[in-house]
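> Okay, sequence plus prediction incoming.
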Amino acid sequence: MPANLTPEFLEAQEEYRKAETIPEKLAALERMLATIPKHKGTEKMQADIKRRIAKLKEEAERQRRSKTSRYDPFAVERHGAGQVVVIGPPNAGKSALVAALTGAPLEVADYPFTTQEPEPAMMPYEDIQVQLVDTPPVVEEVEGPLAALIRSADGLVIVLDLSTDEVLDQAETVFGGLERRRIRPVPVEGEARDEAGIAFRPAVLAGTKADALDADVRWALLLDSWGDRATPLAVSARTGAGLEELRRLIFRLLHVIRVYAKPPGQKPDLEKPFILPEGSTVLDLAEEVHRDWVKRLKMARVWGSAEFDGQAVARNYALKDKDIVELHV
């Protein structure tokens, strides 16, 4: 039976041939697997792609564990409730923004290319921490290692400079570079998913230096051209304008909920919430607390989203952000 390979598959196959790093090869193989026609004639090809993906993941794990492995600055270990990549053109204020949100002592200067490799820092949001990753500037293209980092992240913040008349050109460079890497930003309420080889990632479009002269005029032009590609917000790291709203948007793009466990007869632990994907159920929480509790769970009570505090709920009850749950096993 002929394979009838699609143009999308052949394009991903060519990307795989050109890929040099493990993250780039993995991204291309996963796109190949997503775009290959699913029928009997491609079963062997599908199995081969899956074997190559598994082999590369094993190799990546070996390299991570090996002290003698080559250092890959773009292999950023995830921490906190989620990972959000911050990208933008040179001197747009990425590092200043990340420093203002996290309090981390990042190098900030008024000249371009201060950030030479990804710099992770933790942003506090209420009772959790979110990892922000400051990145080298996007000049002409989104380089392969940066694209692989974005694909593995939960979302991104696109930083553009409202103090310069080149802001629309900056937007064209960044959004165009992402599209050529098959990465498509969507508004914050959009879902992070891979579909037909395209990585959809929820994103905030942050117009920085909103306190600059004529920044409001440039912001209006930016919104008119690109405002529908991501959730827009004008901010200033210098004055602090918009930073609290930006923190909230970054949390929202993760699409997670915080759930607090309450032992029967005791007070809930409100300092260390369990972080679960939106739509998670009581049963998902039980598995997160202890794998054996899935079979042993007898009942649960919920404070927060339930009709009344302490209501007994079913195992498939969908939890909401900041629910308190008492599990009985």
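Cool, got the structure. Remember, it's a predicted structure, so these values are computed and weren't measured experimentally.

> Count the neighbours of Val159 for me.
Applying other Cβ atoms under 10 Å, we find 30 residues neighbouring Val159. Heads up, the C-betas are built off the backbone N, CA and C, glycines and all.

> Checking it next. Helix, strand or coil?
strand (DSSP: H, G, I helix; E, B strand; the rest coil).

> Any figure for the gap between the residue nearest to it when sequence neighbours are not counted and Arg258?
Excluding its sequence neighbours, the residue lying closest to Val159 (Cβ to Cβ, 6 or more residues apart in numbering) is Gly88, at 3.4 Å. Per Cβ to Cβ, to the nearest Å, Gly88 is found 29 Å from Arg258.

> what about these two, which has more around it?
Per other Cβ under 10 Å, whichever of Gly88 and Arg258 has more neighbours is Gly88, with 26 against 21.

> OK, contacts around the more buried one?
Going by Cβ atoms under 8 Å, 6 or more residues apart in numbering, Gly88 touches 94, 137-138, 158-161, 170, 174, 208.

> ok, now how distant is it from Glu11?
For Gly88, the distance to Glu11 - Cβ to Cβ - is 27 Å.

> So which elements touch the host helix or strand of Ala96?
Using DSSP states H and E, Ala96 sits within helix 94-102. Counting contacts by 3 or more Cβ pairs under 8 Å, 6 or more residues apart in numbering; DSSP states H and E, helix 94-102 packs against strand 83-87, strand 119-125, strand 128-134, strand 155-161, strand 198-208, helix 243-254.

> what about the chain, any weak spots by pLDDT?
Where the chain drops to pLDDT under 70, the residues are 1-3, 66-71, 106-116.

> ok, now with 90
Within the chain, the stretches with pLDDT under 90 are 1-79, 91, 103-117, 139-145, 190-198, 261-272, 285-300, 310, 314-316, 326-329.

> which residue is nearest the centroid of it?
The residue lying closest to the centre of the chain (Cα atoms, centre = their mean) is Asp154, at 1.6 Å.

> quick one: contacts for the spatially closest residue to it that is not a sequence neighbour?
Spatial nearest neighbour of Asp154, excluding adjacent residues (Cβ to Cβ, 6+ apart): Gly82 at 4.2 Å. Applying Cβ under 8 Å, 6+ apart, we find Gly82 in contact with 130-131, 154-155, 254, 256, 275.

> Could you identify which of these has the most neighbours?
Using other Cβ under 10 Å as the neighbour test, these are led by Gly155, with 27 neighbours.

> could you measure it against Ala121, distance?
Distance, Gly155 to Ala121, by Cβ to Cβ: 16 Å.

> Could you do Lys44 as well?
For Lys44, the distance to Ala121 - Cβ to Cβ - is 46 Å.

> try Leu178
For Leu178, the distance to Ala121 (Cβ to Cβ) stands at 22 Å.

> returning to what we had before: which of the contacts of Gly88 sits closest to Lys55?
For the contacts of Gly88, the closest approach to Lys55 (Cβ to Cβ) belongs to Val138, at 31.3 Å.

> Next one: that closest one from Lys267, what distance?
48 Å.

> what about these two, which has more around it?
When neighbours are counted by other Cβ under 10 Å, Val138 and Lys267 differ, and Val138 comes out ahead with 24 against 9.

> how about the helices of this protein, start to end?
Along the chain, the stretches classed as helices by DSSP state H are 7-18, 22-35, 43-65, 94-102, 144-152, 167-180, 215-226, 243-254, 282-289, 293-296.

> Mean neighbour count, these: which tops it?
For the helices of the chain, the largest average neighbour count (mean count of other Cβ atoms under 10 Å) is found in helix 94-102, namely a mean of 24.

> Distance from the chain centre to that one, please.
17 Å (Cα atoms, centre = their mean, to the nearest Å).

> quick one, that helix and strand 83-87 angle?
Calculated by axes from the mean of the first three to the mean of the last three Cα atoms, to 10 degrees, helix 94-102 forms an angle of 150 degrees with strand 83-87.

> now helix 94-102 and strand 198-208, what's the angle there?
Using the same axes, to 10 degrees: helix 94-102 against strand 198-208 is 90 degrees.

> i'd like the first residue to be 97 from this point on
Sure thing, new numbering starts at 97, so read that last one as helix 190-198.

> ok, the closest residue to Arg148 other than its chain neighbours - contacts?
Excluding the flanking residues, the one nearest Arg148 by Cβ to Cβ, 6+ apart is Leu125, at 5.7 Å. Contact analysis of Leu125 by Cβ under 8 Å, 6+ apart lists 108, 112, 145, 148-149, 152.

> Done for today, thanks.
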